[in-house]
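Undergrad: below are the sequence and a predicted model for it; my questions follow.
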2 protein chains.
Amino acid sequence: MTAPLTVEFIAGGQGVWAIDRVVPVLGETLPPAASLSIVPAGQTASEAVAWRLKGTVSNARYSHRSELAELAIRQEGLGRSASRQAVLIPIRKSAAWWALAQDERRAIFEEQSRHIRIGMDYLPGIARRLHHSRDLGEPFDFLTWFEFAPEEEEAFDTMLSRLRETAEWGFVEREVEIRVSRVQ
Amino acid sequence: MTAPLTVEFIAGGQGVWAIDRVVPVLGETLPPAASLSIVPAGQTASEAVAWRLKGTVSNARYSHRSELAELAIRQEGLGRSASRQAVLIPIRKSAAWWALAQDERRAIFEEQSRHIRIGMDYLPGIARRLHHSRDLGEPFDFLTWFEFAPEEEEAFDTMLSRLRETAEWGFVEREVEIRVSRVQ
């Protein structure tokens, strides 16, 4: 049995990531905090926390085999020593998105918006891990965590701009950008 | 914001459904109990329970627009007064299934196994609701709940047999069948 990994992103006074800034992008933002930590879900934080967001590293929902194969060759994992910068982007999509059929969502996601293709353009520099939150009753649908070396930040910003111009982003109704730096 | 519905199936001494039998199909079965109830997740059961299974009524994962449109025309909802029989079928699929890409899973699910098409053959008699459990850290991946009038039971059994002969079922590694009757 392979249980999917569920983690919590906890913003508070402690953590290996210092929060540089919380950028409101669309809809309600999140409160500021000093630090961010990522822990397996269910671990109780004894200290006061500013906010906590939970997500599951689940199966691929849109990627075809050819795309997963290309990603597997090109991408690198989290935790590289050069990855001193990271960004957490919680996103919630609209009811209209979730009412779409699988073929309609796939067509908007990739054939029209090139979501996978755009991410591929920034590999292996920008490493990422997607966490699904919607089924957990969380305020966001997805938590995407990106890690990269400081010199990749401009490329990361360009990637974000390209994604936000897509048709898919027309279905985003809440988005926050949490920029962090590794302190340990 | 449309929060997906998360429910718990609770087997114990009370409930509007009497458990007629728990049928082990594949892998570890579930303990017997007198009754089954379906409650919104998070409600605390004060009485002792035999087992509880949680699942979320999430978005469609494989259905195309044409299929959803046909289902919308032909299917009826839960809670019909004639639906005095019901069956809960918790299923867990293998790691091999979850490692497949979206296009591979869809091809096995529908083009090869005709999962949607087989279910369609039994509408509107057999009403169903699918609950996703895998991302919740549950022991099963899916909980499917079927409701029908007693005279539909033979048709239901035929449907189950057809589904279990498919290529998709080759990926099922745990399955239990809980047959219940409405008592209230």
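TA: The structure has been received and is ready for your questions.
Undergrad: remind me, longest helix of chain A?
TA: If you go by DSSP state H, chain A has its longest helix at helix A:153-164.
Undergrad: so A:L5 makes contact with A:G55?
TA: No - at 9.4 Å, A:L5 does not count as touching A:G55 under the criterion of C-beta atoms under 8 Å. All C-beta spots, glycine's among them, are computed from the backbone N, C-alpha and C.
Undergrad: who has more neighbours, these two?
TA: A:G55 (28 against 14; other C-beta atoms under 10 Å in any protein chain shown).
Undergrad: can you report phi and psi for the more buried one?
TA: Torsion angles at A:G55 (phi, psi; degrees, to the nearest 10) stand at phi -160, psi 160.
Undergrad: surely it and A:L143 touch.
TA: Yes - the criterion here is C-beta under 8 Å, and A:G55 meets it with A:L143 at 4.2 Å.
Undergrad: overlap in contacts of these two?
TA: A:F9, A:H131, A:S133 (C-beta atoms under 8 Å, 6 or more residues apart in numbering or on different chains).
Undergrad: any chance of the residues you listed in CSV, plus distance to chain B and secondary structure?
TA: Output for these, formatted as CSV (distance: C-beta to the nearest C-beta, whole Å; DSSP: H, G, I helix; E, B strand; the rest coil):
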residue, distance to chain B, secondary structure
A:F9, 16, strand
A:H131, 10, strand
A:S133, 9, coil
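Undergrad: among those residues, who's most crowded?
TA: A:H131 (27 neighbours).
Undergrad: how far away is the nearest residue to A:N59 once chain neighbours are set aside from A:A72?
TA: Closest residue in space to A:N59, ignoring its immediate chain neighbours: B:W98 at 4.7 Å, by C-beta to C-beta, 6 or more residues apart in numbering or on different chains. Counting by C-beta to C-beta, to the nearest Å, the gap from B:W98 to A:A72 is 15 Å.
Undergrad: try A:G137
TA: In this structure, A:G137 and A:A72 are 32 Å apart, going by C-beta to C-beta.
Undergrad: tell me which residues in the longest helix of chain A are buried?
TA: Buried residues in helix A:153-164, counted by 16 or more other C-beta atoms under 10 Å in any protein chain shown: A:F156, A:M159, A:L160, A:R162, A:L163.
Undergrad: moving C-terminal of that helix, what's the next helix or strand?
TA: strand A:172-182 (DSSP states H and E).
Undergrad: partner strands of that next one, with direction?
TA: Strand pairing for strand A:172-182, determined by DSSP bridges: strand A:17-26 (antiparallel), strand A:85-93 (antiparallel).
Undergrad: show residues contacting that strand.
TA: A:11, A:16-30, A:36, A:83-94, A:139-140, A:160.
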